[in-house]
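[1] The amino acid sequence is not available; the structure is as follows:
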């Protein structure tokens, strides 16, 4: 499972999910299918003659409230939680079949995906995993918002949020290369302010939102608690970031810092990074990691992961 494994991996058998899309409110069935080494992550719209959209920076579409992919005017929306789970758990190659325009929101986190991966297990493939090693800083700024990636060992992330009350300020630091994802990041759910609900619905968004798929924040605090972590809000932003950076096409070896960023800035960083070929190189494996970390065994099966 560890992100530092030396070879590519896929899931051992198919897994299925169903539910509503967060923004469209449409019911969708989704199936994840094992894929050959070197395939990457590919979305397939089964309702549109199996049209395929690879998950990469070339296919990024709307990114205001979710990360969507588009190819030849065919859309697949709200991909970030699934992409985050795949990267965080160490799945390199998979076909994602969906029969509608949006990935189901499930419980608003990456936990259902991680639990499914733990149930079916992963298959190690005969192809060495490549990493995108950062050689120099690449940054994106927008007023007080900022995101940057820098040379460093592992895949470490430092994320800072600063929302209006009652969420406020928060910072989280973690490293995917040493197994922080499954218990520290995957269970963190998406969230929103109740005061923004009417505005977002008028924009045609959050038609599928409910108490079961998002943290709802009122004027006095969380309305559908308890939280899974005291700092669940910033942890979810890290979850989103990992999913968005998956669009670089390779796992990153470096250090990411984000302050008050969001999907648009996350994907802008991906595109800026890919345009600057002098900023990175492709390498095989986190060579600096001890063997017992690089080839870490799967974590114990999560029962709830909600302490």
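    That came through, no problem. Please read these numbers as outputs of a predicted model, since none were measured by experiment.
[2] how about the helices in the stretch 1-150 of the chain?
    80-89, 111-120 (DSSP state H, counting those that start in this stretch).
[3] Mean confidence (pLDDT) on the first one, please.
    Put plainly, it is helix 80-89. The average pLDDT within helix 80-89 is 97.
[4] what does stretch 110-130 give?
    If you average the pLDDT over stretch 110-130, you get 97.
[5] Give me the distance between residue 269 and residue 91.
    22 Å (Cβ to Cβ, to the nearest Å). Bear in mind the C-beta positions are built from the backbone N, C-alpha and C, glycine included.
[6] wait, residue 108 sits on residue 186?
    No: distance between residue 108 and residue 186: 11.6 Å, which falls outside the contact criterion (Cβ atoms under 8 Å).
[7] quick one: which of these two has more around it?
    Per other Cβ atoms under 10 Å, whichever of residue 108 and residue 186 has more neighbours is residue 186, with 26 against 23.
[8] Now do the more buried one against residue 224, distance only.
    With distances taken as Cβ to Cβ, residue 186 is found 20 Å from residue 224.
[9] likewise residue 52?
    Taking Cβ to Cβ, one finds residue 52 at 37 Å from residue 224.
[10] now swap in residue 65 and tell me
    Taking Cβ to Cβ, one finds residue 65 at 20 Å from residue 224.
[11] okay, those two: which has more neighbours?
    Just comparing residue 65 and residue 224: by other Cβ under 10 Å the higher neighbour count belongs to residue 65, 19 against 14.
[12] if I look at that one, how far off is residue 110?
    Taking Cβ to Cβ, one finds residue 65 at 18 Å from residue 110.
[13] same question, residue 80
    Per Cβ to Cβ, residue 80 is found 9 Å from residue 110.
[14] More neighbours: those two, which one.
    residue 110 (32 against 27).
[15] you'd agree the more buried one is up against residue 83?
    No: if you go by Cβ under 8 Å, residue 110 and residue 83 don't touch, sitting 9.2 Å apart.
[16] what do these two both touch?
    Residues touching both residue 110 and residue 83 (Cβ atoms under 8 Å, 6 or more residues apart in numbering) are residue 243.
[17] most remote residue from this protein's center?
    residue 220 (29.3 Å; Cα atoms, centre = their mean).
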